[in-house]
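> Based on what follows, work out the 3D shape:
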Amino acid sequence: MDQPKAHDVFLLKFWCSCDHKGLLHDVTRVLCELELTIKRVKVSTTPDGRVMDLFFVTDSRAILDTQQRQGETICHLRDVLGDFILSCEIEMAGPEVAACSQGSLLLPSAVIEDMFSLELSSESPTGSLFSNPLSIIMDNSLSQSHTLVQVLCQDYKGLISDIMRTLKDYNIQVSYGRFCEKAKGNCEVELFMQVDGNKIVDPNKKNALCSHLRMELWCPLRVAIVNRGPDTELLVANPVEFSGGGRPLVFHDITLALETLNTRIFSVEIGRHMVRNREWEVYRILIDEADSLCVPRKKIVEGAAATKAKAAAAAKPKAAVVCVKRKAAEKPKMKPAAKPVQTFAKATPCEEGCPCEAEDGSRPRHR
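Prediction:
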């Protein structure tokens, strides 16, 4: 498969009359809504209190070189920043500027050892998102043509996305799924899957998939605080898909967490690094010196890591049942069942067309 060509890098530069907490998050939210990907950020404050922000961005629509797209972006920024914004410009970044936007090439060895050497254990190590009770079971006995994978883990924002991103790496198609909230913030997921229209029967493939899912769901983000000379640096890392895609909205959630902690950002570098034969997307955020002295390091780490979990609790439905019917020339469509499942503790009959239908045509009951 050919790798997609890198999008052109553009420099978004604007001046604000004064700095205020949450400024960077407001801008980040607008750029995310416009489908612009942030590659690097530089924030500077002049002696008279004015702020100059430099954003190196790429456009997922690949039309930021047009006047209409640039005008739309500037208009949205002015609507959010109001009278604070003094000027705003967008221009194509030259090759040397684009190269600089990729960030530092090397990570400190101490950071690599602390963030990327985590192994599954009963204890929650430094840098993990939370204590995550995780169970993954694969079963080929309930369906003639599908493999069932059952996942029980801590619920958090992006859980389903992380599962689907992992399955996509293995070219797995999901035909039917059940998602249900459990006690103490846990979530149970059941997915009936196929590879090229068949069950997953190879033990090596099953073990590799379970291992990959376990690591992705147990610790979806790695977070650490380190010293960078006299400055304090927050590092957040997430694994990159085999296809090259990164985790969505990570920087958005980082800025939201720091805004909640009343912590300003001095600069941001976003780069990709190969660590132990795995590619990672690493966010390196220099924190304003005055704020880093006021907020304990542990609180910053916990705030950056817990933002996704808190957002999930506020935004997700209590339970959902989704059925996907795949046809040869039709894209699969998701549709809710007539009666959402509130829990799997009580047996409920399968729906018409569920892949776990028995050979005699009867439909067993899920628990």
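
> And the helices in the chain, which stretches?
Here the chain has its helices, by DSSP state H, at 23-33, 67-81, 95-100, 109-116, 159-169, 203-218, 250-260, 289-294, 297-315.

> quick one: buried residues of the fourth one?
So that's helix 109-116. Using 16 or more other C-beta atoms under 10 Å as the test for burial, helix 109-116 gives 111-112, 114-116. For glycine as for every other residue, the C-beta is placed from the backbone atoms N, C-alpha and C.

> Contact partners for L235?
111, 115, 222-226, 282-285 (C-beta atoms under 8 Å, 6 or more residues apart in numbering).

> Return the closest of those with respect to Q173.
R222 (29.7 Å; C-beta to C-beta).

> how near is that closest one to G246?
From R222 across to G246, the span is 14 Å (C-beta to C-beta, to the nearest Å).

> Quick check: neighbours shared by those two?
Joint contacts of R222 and G246 (C-beta under 8 Å, 6+ apart) are N238.

> can you map out the strands along the stretch 101-250 of the chain?
135-139, 147-154, 173-181, 186-194, 222-228, 231-239 (DSSP state E, counting those that start in this stretch).

> if I pick the nearest residue to D139 once chain neighbours are set aside, what's in contact with it?
Closest residue to D139 in three dimensions, ignoring its sequence neighbours and counting by C-beta to C-beta, 6 or more residues apart in numbering: L148, at 4.5 Å. Counting by C-beta under 8 Å, 6+ apart, L148 touches 138-140, 142, 190-193, 356.

> Which among the residues you listed count as buried?
138, 142, 190-193, 356.

> picking up where we left off before, so between R222 and G246, which is more surrounded?
R222 (23 against 17; other C-beta atoms under 10 Å).

> partners of that one in the sheet?
A237 (DSSP bridges).

> Check C187 too.
C153, E181.

> Wait, it touches R178, no?
No: with contact defined as C-beta atoms under 8 Å, C187 does not count as touching R178 (11.0 Å).

> higher neighbour count, those two?
The neighbour comparison of C187 against R178 (other C-beta under 10 Å) goes to R178, with 23 against 20.

> mind checking how far the more buried one is from R284?
Relative to R284, and taking C-beta to C-beta, R178 is found at 39 Å.

> Could you single out the nearest of the contacts of L235 to N207?
Closest to N207, out of all of those and judged by C-beta to C-beta, is R222, at 23.6 Å.

> That closest one and E113, how far apart?
Distance from R222 to E113, by C-beta to C-beta: 12 Å.

> now do T147
T147 is 37 Å from E113, by C-beta to C-beta.
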